[in-house]
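In: The following block contains a protein sequence and its predicted model.
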Amino acid sequence: MPQRVPALPDGFSLILDPRARRPAPDVIVGGAPLRVLRLTRAGAALLDAWARGEPVARTEAQQDLARRLLDAGIAHPRPGGAARPSAADVTVVIPVRDRAGGLARTLAALGTGGPVVVVDDASAVPVRAGGATVVRRGERGGPAAARNTGWEVAATDIVAFLDADCEPGPGWLDTVLAHFADPAVGAVGPRVTSRPGAGTPPWLASYERVRSPLDLGAAEAPVVARGTVAYLPTAALAVRRRALLDADGFDEHLRFGEDVDLVWRLGKMGWRVRFEPAATVTHPARESLAAWLGQRYQYGRSAAPLAARHGRDVAPLAVSPWSAAAWALALAGHPLAGAALAAGSAAALARRAGRD
């Protein structure tokens with residue numbers, strides 16, 4: 001990335017975050033972490049003009065204030081009529097190992113569009129993917145290595161990573177691609193919501209609907225370590241190929257947390273990363289308590305290597321008392337009791353979600 005942040009393109013406008021407040025014409029409060037910005041008279045007039053939908057001009061003053069608001073999360077981008085990539089500028093990369101059924105569902109949900117590369121990470125039975133290019137690895141390398149294999153053969157400006165089993169919603173890619181009208185944006189993630197797997201118990205489906213670690217909520221945000229949205233999962237993530245080149249791709253030494261690591265490294269290089277919940281992708285919930293616990297265990301294992309690379313950016317593990325008790329019971333050899341407690345917690349969360 002150049003030291004100078006590229007200008008926002010013509011036709012680009014802003015909208016204030018719904019949580020931002022202007023207690024006075026020359027003061028705005030918002031962002032994460034919360035901050036107070038004092039505006040000059042000209043800055044206050046600009047904010048009023050942008051609130052009316054006027055685009056950001058290419059003057060230094062307007063560009064600097066717009067970038068400051070966007071980076072703080074006080075305002076969010078509205079690319080408008082700015083030129084942006086199309087589906088033909090995107091290669092979808094799907095890493096897979098042995099999940100032929102999940103791959104088929106993902107390909108069916110994708111439909112037709114730009115090129116698709118399926119990376120077979122040494123499946124026991126080689127996968128087939130009609131209409132897609134299949135690259136088979138000779139030995140298992142894990143998700144980071146498979147994704148690197150995929151993007152390295154891509155010839156487009158944008159690479160969209162999707163996990164097998166994920167099902168993108170209508171128009172998800174167009175919504176995500178709009179953000180790449182801003183040349184400073186290196187990566188954008190849609191909202192990844194949970195859907196029941198074929199054998200997911202109802203209590204676990206209810207729990208995942210409101211507590212999935214992949215679902216980062218309904219509020220758009222810049223993605224920064226220790227911010228409102230601190231990471232993006234590569235279950236669904238679009239990345240500018242130039243940014244992948246700058247970062248030398250995913251760290252293949254990380255078996256888990258490689259997506260968090262990539263996003264944080266891009267931020268430190270100066271690339272902007274965005275979370276766009278208006279674009280949605282669904283991911284199946286685990287189908288048993290054992291599989292669910294295993295997933296959480298693997299996520300927890302990523303904390304130490306991430307801390308070694310990123311220090312204090314790795315937030316302490318936060319777990320509710322109900323979840324902690326369920327984990328303790330299961331790991332102590334009482335999985336049924338743990339499941340019962342988790343089910344009760346899920347039911348309570350489901351009732352609360354229904355009231356919200």
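Out: Sure thing, it's come through.

In: Give me the phi and psi for residue 185.
Out: Here is the backbone geometry of residue 185 (degrees, to the nearest 10): phi -80, psi 120.

In: residues contacting it?
Out: Counting by C-beta atoms under 8 Å, 6 or more residues apart in numbering, residue 185 touches 179, 240, 271, 272, 273, 274. Backbone N, C-alpha and C define where each C-beta goes, glycine included.

In: how much space is there between it and residue 232?
Out: Distance, residue 185 to residue 232, by C-beta to C-beta, to the nearest Å: 12 Å.

In: list the residues that contact both of the two?
Out: Common neighbours of residue 185 and residue 232 (C-beta under 8 Å, 6+ apart) are residue 273.

In: Neighbours of the spatially closest residue to residue 6 that is not a sequence neighbour, how many?
Out: Setting aside the residues directly before and after it, residue 6 is nearest to residue 183 in space (C-beta to C-beta, 6 or more residues apart in numbering), at 4.1 Å. If you count neighbours by other C-beta atoms under 10 Å, residue 183 ends up with 16.

In: Let me know whether residue 183 touches residue 9 as I believe.
Out: Yes - with contact defined as C-beta atoms under 8 Å, residue 183 counts as touching residue 9 (7.5 Å).

In: Shouldn't residue 83 be within a helix?
Out: No - per DSSP: H, G, I helix; E, B strand; the rest coil, residue 83 lies outside any helix segment and is coil.

In: Report the contact partners of it.
Out: Counting by C-beta under 8 Å, 6+ apart, residue 83 has contacts 9, 181.

In: that older thread, looking at the contacts of residue 185, which one is closest to residue 21?
Out: Distance ranking of the contacts of residue 185 against residue 21, using C-beta to C-beta, places residue 274 first at 22.5 Å.

In: Could you give me the buried positions within whatever helix or strand that closest one lives in?
Out: Mapping residue 274 onto the secondary structure by DSSP states H and E places it in strand 272-284. Residues of strand 272-284 classed as buried under the neighbour-count rule (16 or more other C-beta atoms under 10 Å) are 272, 273, 274, 275, 276, 277, 279, 280, 281, 282, 283, 284.

In: looking at the chain, which residue lies furthest from center?
Out: residue 41 (37.0 Å; C-alpha atoms, centre = their mean).

In: Next one: that one from residue 55, what distance?
Out: 21 Å.

In: Over to residue 35?
Out: 25 Å.

In: Settle it for me: which of these two has more neighbours?
Out: Higher neighbour count among residue 35 and residue 55: residue 55, with 20 against 12, using other C-beta under 10 Å.

In: which residues sit in contact with that one?
Out: Residue 55 sits next to 10, 11, 12, 13, 80 when contact means C-beta under 8 Å, 6+ apart.

In: Using neighbour counts, pick out the buried residues of stretch 9-17.
Out: For stretch 9-17, by 16+ other C-beta under 10 Å, it's 9, 12, 13, 14, 16, 17.

In: Just want the most central residue of this structure.
Out: The centroid of the chain falls nearest to residue 232 when counting by C-alpha atoms, centre = their mean (3.0 Å).

In: For the closest residue to that one other than its chain neighbours, list each beta-bridge partner.
Out: Leaving aside its chain neighbours, residue 232 sits nearest to residue 189 (3.5 Å; criterion: C-beta to C-beta, 6+ apart). Residue 189 has these beta-bridge partners by DSSP bridges: residue 275.

In: From residue 161, how far out is residue 189?
Out: Taking C-beta to C-beta, one finds residue 189 at 10 Å from residue 161.

In: Over to residue 172?
Out: Distance, residue 172 to residue 161, by C-beta to C-beta: 13 Å.

In: Those two: who's more crowded?
Out: Counted by other C-beta under 10 Å, residue 172 and residue 161 do not tie: residue 161 has more neighbours, with 27 against 23.

In: Need the pLDDT of that one.
Out: Residue 161 is assigned 97 on the pLDDT scale.

In: what's the answer for the one 10 residues further on, then?
Out: Listed pLDDT for residue 171 reads 92.

In: now it, nearest residue through space, not along the chain?
Out: With C-beta to C-beta, 6+ apart as the criterion, residue 171 has its nearest non-adjacent residue at 7.3 Å, and that residue is residue 279.

In: Show the contacting residues for the one you found.
Out: Listed by C-beta under 8 Å, 6+ apart, the contact partners of residue 279 are 169, 171, 172, 173, 175, 176, 190, 191.

In: how about a cut-off of 6 Å?
Out: Listed by C-beta atoms under 6 Å, 6 or more residues apart in numbering, the contact partners of residue 279 are 172, 175, 176, 190.
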